[in-house]
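[1] structure for the following, please:
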Amino acid sequence: MLKTPDTKHVAPWQQPTLVDMSVTALKGVGPKVAERLTRLGIYSVQDVLFHFPFRYQDRTRIIPIGRLHHGNQAVIEGVVQLTEVKFGKRRTLLSRISDGTGSLTLRFFHFNALQKESLARGIHVRCFGEVRRGTATLEMIHPEYQVIDESETGNTEQCLTPIYPSTEGVHQLSLRAITDQALIHEQLLVDLLPEEVIAQTRMHSLADAISYVHRPPPDAKVEQLEAGIHPAQQRLALEELLAHHLSLRQLRENIQHQPGYVCDVPGKLMAQLLNSLPFELTSAQHRVIAEIVQDIKQNRPMQRLMQGDVGCGKTIVAACAVVHAVEAGYQAAVMAPTELLAEQHVKNFQAWLAPSGINVAWLSGKHKGRIRAAILDEIASGKAQVVIGTHALFQQDVHFAGLGLVVIDEQHRFGVHQRLALREKGSNDGRYPHQLIMTATPIPRTLAMVAYADLVSSCIDELPPGRKPVSTVVIPDSRRNEVVQRVHTACKQGHQVYWVCALIEESEVLQCQTAEDTAARLTEALPELRVGLVHGRMKPTEKEKVMQTFKAGDIDLLVATTVIEVGVDVPNASLMIIENAERMGLAQLHQLRGRVGRGSASSSCVLMYKSPLSQNAKTRLATMRETNDGFEIARQDLEIRGPGEVLGTRQTGLIQMRIADLQRDRGLLPDVERAATVILSDYPHTVQPLIKRWLGDGTRYGDV
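    Predicted coordinates:
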């Protein structure tokens with residue numbers, strides 16, 4: 001039993017809490033069990049209370065056997081009529097029980113002699129399990145059961161039975177027993193939300209919410225609990241979202257208090273760059289450039305997220321920021337998620353910056369030996385003023401002479417840990433580089449509030465003049481011949497075409513093989529057209545050669561895998577065919593479609609699908625047909641896939657929220673923002689305990 005300390009004369013936020021009490025203080029939790037519990041993130045008694053059920057079972061009522069149906073999950077009681085071991089393909093223990101309304105067989109494939117003896121004829125048992133059809137009677141396979149006295153019949157559970165996320169060696173019975181003990185001491189939980197916040201949101205107290213979620217009463221609505229929308233769960237979700245929001249706001253505040261690299265220069269290189277361009281920037285691009293320049297002139301690191309739809313011109317805006325940093329005497333690094341996009345950036349930046357004498361270096365994970373060593377020397381000496389690469393940029397052997405600006409393209413492909421790792425590469429004498437984060441996957445505000453609260457947002461909400469919306473049609477692949485004819489017509493009119501082979505399964509080899517087969521079939525069907533092929537398993541030089549040939553107009557039809565999703569700009573390409581479009585997410589489809597419509601001609605995208613379509617696939621394809629608006633597509637993508645996929649949260653650390661769901665609970669976010677403002681202003685002492693409660697020691701986003 002835990003000893004409750006005297007907390008009468010201690011401020012609530014200074015009281016000893018269950019987070020200070022090891023889980024080994026609970027009965028039945030020795031060193032081995034404690035070690036297993038760490039796999040679930042359980043170290044303290046408080047962690048036990050914040051390890052929430054993901055579903056519930058109703059074991060509060062005993063169901064007569066005669067009323068059972070296949071598929072029921074039920075509690076039954078009965079008397080053992082016969083127990084025997086059957087030998088067939090596998091040794092099986094069968095125990096038939098009856099309650100007067102009917103009979104049911106318990107079937108065990110794993111058992112021992114003691115178990116057989118415990119189920120002797122005449123024994124009363126209570127069982128819980130899923131009912132299935134058997135050869136002679138209904139069956140339960142490996143049910144939970146206990147032998148009971150005749151006097152105990154009819155005594156059922158007093159609350160719904162929680163089912164917890166578990167791990168090998170930790171049984172549900174153990175988790176429930178541990179939680180029962182922890183709940184006895186829930187009075188030691190400090191309610192860190194100010195009373196005014198609880199009053200405004202009309203929510204449960206923390207102790208009431210915890211108690212209800214772990215042990216719901218028999219009349220609780222299981223559907224509501226399993227949907228995560230019960231008021232008790234919403235109270236906890238609010239606090240969890242608040243902890244994440246505060247964590248990132250704290251990260252931003254900490255960064256803003258650190259010195260950065262002051263890039264306060266006249267902007268001659270930027271003016272030279274803009275004057276050399278064969279096009280005019282939009283007013284939105286000029287606005288965002290001004291916001292960035294204002295940031296990097298300050299003596300604190302910029303943390304800015306630049307959002308913009310496909311084709312809005314984010315890269316040239318980033319190039320303006322880069323030359324401004326270079327003019328101030330610092331290096332700039334540009335990190336892209338794929339080799340192909342990194343190569344495209346290298347080509348663009350070299351073309352734009354070479355007239356100003358700026359040295360652009362490319363560091364790839366494929367660079368080895370002397371070539372890699374020479375590039376690393378250029379970076380370390382400062383000779384490489386702009387360095388472009390993929391994840392290779394933050395490897396241990398990469399050292400910068402003076403990294404003043406970090407540009408990260410397609411932020412959601414990386415994650416907070418990785419961009420902080422690159423940021424650390426630029427730390428020098430206590431100063432940190434500016435960061436510009438770019439994304440062509442617009443982040444709905446509901447997500448940005450929690451996932452990007454450490455960043456200030458800029459939006460390029462205007463496309464270059466002359467860009468026409470891409471007309472999108474959705475057709476079954478049974479009409480492939482019509483599509484092939486459409487390709488033929490487009491090419492004969494002087495246009496170029498992409499034919500994209502979507503991922504068949506998680507195999508790059510199979511994807512490339514599919515592309516090769518498709519290219520061969522199309523070459524046979526369209527012998528007068530020049531057909532090219534590009535896929536992920538080709539060498540970079542081969543891919544580059546094919547892409548250059550296509551861009552030069554010497555290939556009519558380019559068959560490709562999704563490697564052309566980003567970074568490819570061919571203005572004469574006016575038609576795109578995407579096979580198996582039903583297998584792809586909205587964001588990827590929108591990115592691919594953005595490869596056409598870059599010239600003056602009207603452009604089209606044909607989404608071919610295989611029947612039958614799931615409801616989600618129908619919704620995705622309908623969305624693509626109805627809109628070209630990247631922000632609307634991002635909103636729909638969030639509805640369909642949820643925040644984990646949209647944000648790439650396998651890397652960001654937001655994937656393992658304990659009870660909150662960014663999509664389901666987006667209605668709580670205004671309350672989260674208001675609560676954060678109140679807490680930071682009037683109750684700053686509760687910030688760190690809130691973060692620690694939900695995110696552990698320190699944030700999940702790196703130390704700053």
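[2] going forward, measure contacts between C-alpha atoms and count neighbours the same way
    Will do.
[3] what residues does stretch 204-218 touch?
    Stretch 204-218 is contacted from outside by 49-50, 52-53, 58, 60, 158-162, 179, 183, 186-187, 189-191, 198, 225, 231-233, 235-236, using Cα atoms under 8 Å, 6 or more residues apart in numbering.
[4] CA atoms only: put stretch 253-269 into PDB for me.
    What follows is stretch 253-269, C-alpha atoms only, in PDB (Å, rounded to 0.1, in the frame of the first residue of the first chain):
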ATOM      1  CA  GLU A 253       9.800  30.600 -27.000                       C
ATOM      2  CA  ASN A 254      13.100  29.000 -26.000                       C
ATOM      3  CA  ILE A 255      14.400  29.300 -29.600                       C
ATOM      4  CA  GLN A 256      13.400  32.900 -29.700                       C
ATOM      5  CA  HIS A 257      15.500  33.600 -26.600                       C
ATOM      6  CA  GLN A 258      18.600  32.200 -28.200                       C
ATOM      7  CA  PRO A 259      20.900  34.300 -30.400                       C
ATOM      8  CA  GLY A 260      20.800  33.800 -34.100                       C
ATOM      9  CA  TYR A 261      22.700  35.000 -37.200                       C
ATOM     10  CA  VAL A 262      21.800  38.500 -38.100                       C
ATOM     11  CA  CYS A 263      21.400  38.800 -41.900                       C
ATOM     12  CA  ASP A 264      20.900  42.500 -42.100                       C
ATOM     13  CA  VAL A 265      22.300  43.300 -45.600                       C
ATOM     14  CA  PRO A 266      21.100  45.600 -48.500                       C
ATOM     15  CA  GLY A 267      19.800  42.600 -50.500                       C
ATOM     16  CA  LYS A 268      21.900  43.200 -53.600                       C
ATOM     17  CA  LEU A 269      22.200  39.500 -54.400                       C
END
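[5] before we move on, the earlier item: now which of the contacts of stretch 204-218 would you call buried?
    Neighbour counting with 16 or more other Cα atoms under 10 Å marks 49-50, 52-53, 58, 60, 159-162, 179, 183, 186, 189-191, 198, 225, 231-233, 235-236 as buried within the contacts of stretch 204-218.
[6] where does Lys492 land on pLDDT?
    Lys492 is assigned a pLDDT of 94 by the prediction.
[7] neighbours of it, how many?
    Neighbourhood size, Lys492 [other Cα atoms under 10 Å]: 13.
[8] can you tell me how far it is from Arg480?
    Distance check for Lys492 against Arg480: by Cα to Cα, to the nearest Å, it reads 19 Å.
[9] now the longest helix anywhere in the chain: how far from the chain's centre is it?
    Among the segments of the chain that qualify as a helix by DSSP state H, the longest is helix 231-256. Per Cα atoms, centre = their mean, to the nearest Å, the displacement of helix 231-256 from the mean C-alpha position of its chain is 17 Å.
[10] next structured bit after that helix?
    Later in the chain than helix 231-256, the nearest helix or strand by DSSP states H and E is helix 268-276.
[11] could you point out which element follows that following helix?
    Counting by DSSP H and E, what follows helix 268-276 is helix 283-296.
[12] which neighbours does the helix or strand that that next one is followed by have in its sheet, and in what orientation?
    Heading C-terminal from helix 283-296, the first helix or strand you meet, by DSSP H and E, is strand 303-308. Strand pairing for strand 303-308, determined by DSSP bridges: strand 434-439 (parallel), strand 456-460 (parallel).
[13] what's the local residue count around His257?
    11.
[14] residue contacts, it?
    By Cα under 8 Å, 6+ apart, the residues touching His257 are Arg300.
[15] tell me the pLDDT of Gly308.
    For Gly308, the pLDDT comes out at 85.
[16] what about the residue nearest to it when sequence neighbours are not counted, how many residues nearby?
    Once flanking residues are discounted, Gly308 sits nearest to Ile460: 4.8 Å by Cα to Cα, 6 or more residues apart in numbering. Neighbour count for Ile460, taken as other Cα under 10 Å: 21.
[17] next one: Ile460 from Ala401, what distance?
    Distance of Ile460 to Ala401, given as Cα to Cα: 32 Å.
[18] likewise for Thr549?
    For Thr549 relative to Ala401 (Cα to Cα), the value is 38 Å.
[19] in terms of neighbours, single out the busier of the two.
    More crowded of Thr549 and Ala401, by other Cα under 10 Å: Ala401, with 19 against 15.
[20] tell me if the more buried one really is in a strand.
    No: the assignment for Ala401, made by DSSP: H, G, I helix; E, B strand; the rest coil, is coil rather than a strand.
[21] confidence score at it?
    We have a pLDDT of 93 for Ala401.
[22] against Lys383, how distant is it?
    Ala401 is 9 Å from Lys383, where distance means Cα to Cα.
[23] same deal with Ala373?
    Between Ala373 and Lys383 the computed distance is 14 Å (Cα to Cα).
[24] can you check Pro259 too?
    Counting by Cα to Cα, the gap from Pro259 to Lys383 is 24 Å.
[25] who's in contact with the longest strand seen in the chain?
    If you go by DSSP state E, the chain has its longest strand at strand 73-86. Strand 73-86 is contacted from outside by 57-59, 61-65, 91-99, 116, 119-131, 153, using Cα under 8 Å, 6+ apart.
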